[in-house]
Structure formats: C-alpha cells, structure tokens
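Asker: here is my input, please return the structure:
(chains A and B)
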Amino acid sequence: MAKKKEIQQLNEVTVRFAGDSGDGMQLTGSQFSNTTAFVGNDLNTLPDYPAEIRAPIGTVYGVSGFQLHFSSEDIHTPGDSPDVLVAMNPAALKKNLSEVKKNGILILNSDTFDLKNLKLAGYPTNPLDDDTLEGYTVFKVPISKLTEKALEDTKLSNKDVARCKNFFALGLMYWLYNRPIDNTIKWIEEKFKKKPEYVEANTLALRAGYNYGDITEAFTTRYSVEPAKLPKGTYRNISGNEATALGFLAASVRSGLPLYLGSYPITPASEILQYLSSYKNFGVKTFQAEDEIAGIVSAIGASYAGNLAITSTSGPGLALKTEALGLAVMTELPLVVIDVQRGGPSTGLPTKTEQADLLQAVVGRNGEAPVAVLAAKTPRDCFYMAIEASRIAIKYMTPVILLTDGYIANGTEPWRVPSVDSLPKIDVKFRKEKEGFYPYLRDEFLARPWAIPGTPDLEHRIGGLEKADIYGTVNYDPDNHNKMIHLRAEKIKNIENDIPLLEVDGEQEGELLVIGWGGTYGAIKEAVAKARTLGYKVSQAHFQYVSPFPKNTGEVLKKFKKVLLPEINLGQLAKLLRSEYLVDIIQFNVVRGLPFKVSDITEKIKEVYGGKNGK
Amino acid sequence: MENKIEIKTAKFTVKDLMSDQDVRWCPGCGDYSILAQVQRTFPEIIDSPKEDIVWISGIGCSSRFPYYMDTYGFHSIHGRAPALATGTKLANPKLNVWVATGDGDLLSIGGNHFIHACRRNIDLKIILFNNRIYGLTKGQYSPTSEKGKVTKTTPYGSIDYPFNPTMLATGSEATFVARSIDRNTKHLQEMIKRAGLHKGTAFLEVYQNCSIFNDGAFALLTDKETKDDNVLVLEHGKPMIFGKNADKGIKLDGFTPRVVDLTSGQYSKDDLWIHDEFDESPVRATILSTFTEVPGLPTPIGVFRQVFKPTYDEGMVAQIEDVKKKKGEGDLAKVLLGANTWEVN
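Answerer: So this is what the prediction gives:
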C-alpha cells in the first residue's frame, strides 16, 4: 500500500504539455483545461503547434505544445514560464526546457530517451544521465511501457496502444494536481461512442496514469489549487475563434438577419468557418469560396441582398481582400471582415501570433477608404466584439474589420455565459418606401438606405465608380468627389460618438500609462498589477476600437507624463496615435510570434521609471 | 425535355426595363444589340416581378450593362461578378441573377470565379460579351485574342494561345453552354431566352464587335456574303447542315468532325452528325467547341449542351431545412452554453 501523500496548496500553476505533433498534446491540454475549469479555477491557455500537420517524428520542429495557467485568483495570461513540463520525447524536452522555471518539475517519458530519439532531438548524450537537468525536479516515467502494460488485455494493435499514452500522462497530471478524472472519461465515452474498444483503452490508460501517481514512491507530493472567486453564474471554457463564431451567430439572432459567411480556409481563422458551418439549423449560410477574394466579394453580394454578411481570414487573406473592401466602402454596404492575425509578412508564421496587420486594416487600401476597425482583447471578448462589429456595420452601412490574433483565437479562458436577452438588439431598417428614396441620401448617422433587391419600385444601380451625392449615380465631378471623400471619412469618424470612452484603470492621471490594443490585454494587465505590487504608480488603458479611436483618447494620453505601448509589431498603433494626437509614445516591440511575457512588460515598466519606483 | 420556350405572362414591359441613363457605348458597338435583345426578351421569359431581377457585372465596356437596365444592378470590380452574384443568389435564392461580363473580365482576371461558378451549378446566367480585345483600356490583346494578333501590347504579334470559352465552360461542367452573335438578333434573342429559362449556371457566349479596337473580328460570321458558309446553326435533333445553299454538312468520324459536300452524291443527310443538346456526355459539346480552332470548319452557334442537375442554391436551402428538421430550429441559449458548463455560486 502506498504511503499517504502530502498535499501542498498553490495559488497558481503553469503547466506545459509537449510531444510530437502526433502525440495528442492539444487534446491532452484541452482536456486538462476543461477539467480545471470544471473544478473552478480561473485559467488561460495557449496552444503552440507547428504549421506542419505531422512533421517527422522525433524532431524538434515537429514538437507540439499546449500551455495552461490556472489559479485560485483572477488571471489573464497563459503564464510566462511553465512550473511543470510534461515531455513525451527528447525533442519536446529540448525545445521547451529553457523556458521551464528554475526548480521546475519535469515529467519525462523515459522510454523515448533512446539513441534514435536522442539523435533526432540533437542530444549528443542522454540528458537523463548528464547534468542537463540539474536544478530541476525530474520524474522519469516509463509512460510508453506502463501504457502498454495497462492495455495488455485489450485487443488493440501496438500502434493504437501507443496512441493512448497521452491519456496516461493526463491521468498522472490529474493525480498530481488533484483533479477528478470523470470529466475526461465522459468525454472519451462520447467521443468514441462508435468504437467501444477505444473507450476502454483510453479509459484504462487514464486510470493507469492516475493510479501510478498514487502508487509509485517517486511522487511524494500532490498539489492543489483552490477554486477562484469568480462572479456567480454558469461558466464554460471558450476559445477566441469559437467566441467569434458565436458572436456572429448571436448578432444574426439579435438582428433578425440571416448570417452569411463567405470564406476560404486559412490558419488560424479556419475554425470560424468550421463552427459557423455547424449552425445550419439557425439558417446560417456558409460558403467555402474558391479563394479569399470570392469569400469577401460573395459576402458583399450577400450584404447587397440583405443578409448579415461576413468574411473571415488571416493577414495574407486580408491582403487579397483589399480591393473588395474598397468596393464595400464605395457601395456603403454593411460587412464584417474578421482578421485573425498571424506572423507575417507573406506566409510568415501561420500558426504564430502577431499584431502586425493593424495598419493594413486601418489604411491598407487604394484611395481614401476609411473603415471601422475593432480589436478583441481576450478570447471571450471576441464574442462581444463580433456583435459590436455587426451593430456598427449595419447602423453605419459600412465595412468593419474585426482584428483578433492567433493567440486569443486559439487560447481559451472561462466565460460566464450571458443570457440571450442581455445581448444588445441590433435594429435593421430596410428601405421600403418609394417616396423620397435616393440610394445615397444619408440619415443622421450619414448612413445611406439599405434597399435590397426584391423591394418593389426601388430598383437602382450601385458600384465601384464614384457616386453622386444623394442620387448615387456615376459621377465624375471634382467637387462631388471631394464631398464624397469627406462624407465617407466623416461617417466613420462619427462612430466615435457611439462607442465607449477609453477607460483608465488606476490613477486617472500621473506618471505612466501603459496602453495596448487587442490580444496583449492580459499580459499588460498582469504586468501592471505586478508593477503596482512593487510600488510603481502605473495606470492602464486598452483599445478595442482603433478606427475611429474613442473620443477621449487624446485627453487621456495627455494626462500622463509617459505613455508606454507594448505591441507585437514595430509600433503600428504608436504611429497612428502620434500622428493623430501629437503625443509621444514609448514603444515596446517584441515580434517573436508569441504573446508578451508578463515579466518582459514589468521589466520595461521598471526601465521607463529608470529603475526608480516613483517614490 | 422539350426544346420549346414557354412564353410567360409579362409582369413588365420592354420600356420598364430601360433606365434613365444615356447609353454610352461607342457608336456601332455590339453591346447595343445585346442590351436591346435582353430588353426585348425579358418580359417574355421572366416570371418574377421586375424587382427580383439583378444584373451584376465586373469591369470593362460590357460591365456598364447594369446601368442601362432599370432593374437592381451592381457594377462590381474586375473579374469578380460571378462571385458577387453567387453571394446575392445565396442570400436570396428567389432573385433572378444575371452576370454581364467581357472576355478580359471573365476569362483573365475572373477565370477562377467563372470555372467555380460553373462547377457549382449555381443558378446564374452569365453572358460573355466576347470581342476578343480589351476595349475600355484601349486596345490590348485579350485571353480570347487569336495567336499572332497585333495590338498595342503585342506590336510584333501575340504569342499567347487564346482560351476557348465554350470548351472552358463545358470542361467546368456548366449545365448550359451556348453561343450567339450580336448581329444575329433573332438568334441572340432565342439564346437569351434559353439561358434565362435554364436552372443552374447558364453560360452564353456572344460574339460582339468592338467597332473601335477590333472592328470586323467576326465579319466572316456576320457579313451577308460569307456568313452562311461560315456559321453552323445548331438545332436539336437536326443534322448539322450549313452553306449558302445548305450544301454542306458535318460528319463525325470517330471524334473528328469533317465537312462533307452534300451535292456530290457521296453523302446524304443521313450521314451527318445529328445535334443532341441534351447529351449527358460533354464529349460532343467539347468537339463542337474545337470547331473554331480547325481551319475549314464552320463556327457553331446555338445551344452546345444543356443538362439538368440540382443547383448549389437549391442544395443550400435544402440542407438548412434538413438540418432544422433533424436538430430542431436553432436555440441560441443552448449553443452559447456548449457541451461543458459549470456553476459558480
């Protein structure tokens, strides 16, 4: 009988699962996340996987990782560096070791540390035997053999048995962090409904891993993280891409308009098309187009005919959609373009995150072609910003670009599910009356009427040529062009009266304001909180609207002696703010394809203070 | 399938279709004829009210077409008309959606959208105004210009092989493929009607004279003197006969079409290729498409092929209904909750 193990309380833990891209690490990570959410911790995740679907087995570039940060307190990032690394092979260890905290825990599948795999990973000697792992708490677990043993009575092939080892690792982690295994068992039963032999095998592996922790002498301590104090309600775990899809579904329901998505698969945005394709019973029309251009152009055609029309893409796709966006500007039709930003330029880093499409979104078109640009700040915020983007597009008859990024798109966090009634209602006014109808006669928001084909007596023509003010006919008059250029710009600028003011967290004026936009919110928030505990006076403000800016932006920026702006680009928002408000911005730009580390921003705050903490 | 055109009860007149815009094509442009024949035939073939008609175009001379029709119209961007039309049709499948496009618009910059519209069999009528030249940009060669053509961008003659539009459409599985000529107004009207009554992607190529940059490109097919010896009018179920005195016929030797003399006594009508518009196989329509590339063969006009299969738009509607039946009408509250939730009290 095993000795009773000690349980140690922790406030927060960062875990990283790493293995070959075929090892099921994303699945293992998301199961651990779901269970962790279920026990009531706050959490935040970051999948990190290669662009290759199955890179050569055992190599460093084939390593897939999943990081998860969970806590008994409110958290906003997936954690800077892991406390625990589960590495399924030497390559996974090689790739991730440098990021693990000093004294961190390593759980290694010792069966894979053979000559072949060591060579593939580029280890000249076995790190289990030399001093590579000095300072870490190392658990060498023969995961492959133990899984085989647990499954010896099943009739699965060797290959299938090997595929169950991630569940062994997951079971062991459940034991180590004192989480229940039932959620995952339920999931396995559902997932492999039609293959009972897999249900049996995966469940056996999971239980074996759990029991191994209990029985083996190697593990003397278990850890426990108390539930976080979250506001009352019903929660679920959600990724940014799913939240985006749900947001547009909600916008469709709340506007009464059928949702039309014209899209072309592209990493990391394809999931939005996948999710929306499954909501056919809401009348959602998803059109997987022949290319990015057809995606947006068909959406413009659908908008013209009165649907809530959207198109989803990532940076290279947005570049292809550029000309069509201009058409939507000229024809003043509601349209939402979702850009899940990834590393660029060109094909860049398809599976990595970046914020370098901001200027492309705000100004990247021929001619003066203003659009509204919104940026979601967290996975769950994608839901609300999708609704907001739809609202603005419809009310102002304009294209809207919604920026998310690979990090918040794939990352997950708990979401208190709102009631449908609490969501904003979106008013839609299709023009019906013939009397006084002119295609470009504007309302008080400078929006033109939405007169859709099928409406009697309102037949009219629109297109990409310059429009006569009010009448909407083709017009080449210089003064008319000047007027229309100004009107289109003014219409977008006016949206500032209809969006929330820029909110400052902390002191409303003073020494240092840290600003950001989009997916850097969590890292900046934690960094500011950390700096405050160190005695620094720091305020934070975060942009979800970048075109137009909130009305009070200039005022807010001018209330602080210094403004620091971390961005995962070379200073694109800084450029816009400087040119708009003539304020100086201290840039902090790191473009590694990864989210900011909290500690990097905290260090930068200290540096801005010149090492003095403002006292 | 009866090859007969049912005449609908008109819900609007020819005059109703004329917009208040002055038509601004060059004098003598073949586009005038296409516009006139469309306006003349629409009241006869379109069952739905006028407000359900939408004309969508890309860029080029032909793409000004929507401005001259008093229907809903959208003059979009270069090459994208089939894609825009697809979105419009899917957003409201009740609409009667037509695409006006040119050889540069549809076959060069818009080639991808064209072949995919055909493949999907989405219910669009695409009229290609083929003048074998770029007109609006003032005279560069187009993807249907003949090899060797001298234009502003090919001063030493084009070294490009042209596209064969009907072959491309057939190869892309368009369910209706036809050709007509701007000057042959009766025939053009007939083809517009046939295209309009087809359900699915209907592709109609119209040889259209550009009087400024490529005048006379189709003269052989339109001049009184030469047309009968150079045009083969396709008629369903009839042998392929042409020539001023109906003295020549087409005989199909295996896959090779040959012109035979019907006056020498060696061949009779019974030896000729009998045109079958509704041939399920695309092989014969493809052979017909090659006629223009073989010296000595006449240029066929008429319906190359018409087949029937469910359209993409019907499929989309049916699938939505089917999923609704199986899963029930969507419940947002339920979907927001997802599969795994927990309570915080």
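
Asker: number of nearby residues for the residue in the stretch 51-200 of chain A that chain B sits nearest to?
Answerer: Per C-beta to the nearest C-beta, A:Asn183 is where the stretch 51-200 of chain A lies closest to chain B, at 7.4 Å. Every C-beta, even on glycine, is put in place using the N, C-alpha and C of the backbone. When neighbours are defined as other C-beta atoms under 10 Å in any protein chain shown, A:Asn183 has 19 of them.

Asker: how near is it to A:Leu27?
Answerer: 13 Å (C-beta to C-beta, to the nearest Å).

Asker: re earlier: helix, strand or coil for the residue of the stretch 51-200 of chain A closest to chain B?
Answerer: The three-state label given to A:Asn183 by DSSP: H, G, I helix; E, B strand; the rest coil is helix.

Asker: nearest spatial neighbour of it, chain-adjacent residues omitted?
Answerer: A:Thr35 (4.7 Å; C-beta to C-beta, 6 or more residues apart in numbering or on different chains).

Asker: residues in contact with the one you found?
Answerer: A:Tyr174, A:Arg179, A:Pro180, A:Ile181, A:Asn183, A:Thr184 (C-beta atoms under 8 Å, 6 or more residues apart in numbering or on different chains).

Asker: if we go to 10 Å?
Answerer: Contacts of A:Thr35 were listed using C-beta atoms under 10 Å, 6 or more residues apart in numbering or on different chains, and they are A:41, A:70, A:170, A:173-174, A:177, A:179-184, A:187, A:237, B:340.

Asker: check A:Glu567 too.
Answerer: So A:Glu567 contacts A:354-356, A:358, A:515-518, A:520, A:573-575, A:585, A:587-591, A:596 (C-beta under 10 Å, 6+ apart).

Asker: and the most centrally placed residue in chain B, how far from chain A?
Answerer: Central residue of chain B (C-alpha atoms, centre = their mean): B:Leu204, 2.0 Å from the mean position. B:Leu204 is 21 Å from chain A, where distance means C-beta to the nearest C-beta, to the nearest Å.

Asker: neighbouring strands of the helix or strand hosting that residue in the sheet, and parallel or not?
Answerer: Using DSSP states H and E, B:Leu204 sits within strand B:202-207. The strands beside strand B:202-207 in its sheet (DSSP bridges) come out as strand B:125-130 (parallel), strand B:176-181 (parallel).

Asker: mind putting the ones you listed in a markdown table, mean neighbour count and mean pLDDT included?
Answerer: Below are those laid out as a markdown table (neighbours: other C-beta atoms under 10 Å in any protein chain shown; pLDDT from 0 to 100):
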| stretch | mean neighbour count | mean pLDDT |
| --- | --- | --- |
| strand B:125-130 | 27 | 98 |
| strand B:176-181 | 28 | 98 |
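
Asker: for those strands, give me a markdown table that also has distance to A:Leu403.
Answerer: A markdown table is the format used below for the strands paired with strand B:202-207 (distance: least, C-beta to C-beta, whole Å):
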| stretch | distance to A:Leu403 |
| --- | --- |
| strand B:125-130 | 36 |
| strand B:176-181 | 43 |
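
Asker: bridged to the residue nearest to the centre of chain B, which residues?
Answerer: Residues in beta-bridge contact with B:Leu204 (DSSP bridges): B:Ile127, B:Ala178.

Asker: so what's it up against?
Answerer: B:34, B:125-129, B:165-166, B:169, B:176-180, B:188, B:191-192, B:194-196, B:198, B:303.

Asker: distance from the worst-scoring helix or strand of chain B on mean pLDDT to the middle of the chain?
Answerer: The weakest-scoring helix or strand in chain B, judged by mean pLDDT, DSSP states H and E, is strand B:342-344 (a mean of 90). In terms of C-alpha atoms, centre = their mean, to the nearest Å, the centre of strand B:342-344 is found 60 Å from the chain centre.
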